[in-house]
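# When you get a sec, could you give me coordinates for this:
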Amino acid sequence: MKFQEISEMSSDELLTKKRDLRQESLHLRLQQQSGQLEQPSRLRLLRREVARIETVLSQRAAKAETK
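Residues are numbered from 1 along each chain as shown. Next up, the predicted model:
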């Protein structure tokens, strides 16, 4: 998901997406520990997507604080 797509989402949607991505990340880490993970690069992509979402959320929080 691109940064522009993320920034167009509402805060509630972002929080839901973040929760879902973290849940998926947990499942992939468990698969990795058991040796069943087929796509290790997916973990890295998930971490980056969560970071993008957190960046947008923190920018919105800072913007709301200054107003």
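# give me every residue that touches the residue positioned nearest the centre of the chain.
Centroid-nearest residue in the chain, with C-alpha atoms, centre = their mean: V50, separated by 2.0 Å. By C-beta atoms under 8 Å, 6 or more residues apart in numbering, the contact set of V50 is 18, 21-22, 25. Every C-beta, even on glycine, is put in place using the N, C-alpha and C of the backbone.
# Quickly note the distance from K67 to T16.
K67 sits 25 Å away from T16, going by C-beta to C-beta, to the nearest Å.
# So these two - more neighbours on which side?
More crowded of K67 and T16, by other C-beta atoms under 10 Å: T16, with 12 against 4.
# From A51, how far off is the more buried one?
For T16 relative to A51 (C-beta to C-beta), the value is 17 Å.
# same question, G35
In terms of C-beta to C-beta, G35 sits 27 Å off from A51.
# who has more neighbours, these two?
With neighbours defined as other C-beta under 10 Å, G35 and A51 compare such that A51 has more, 10 against 6.
# Name all residues that make contact with that one.
A51 touches nothing, counting by C-beta under 8 Å, 6+ apart.
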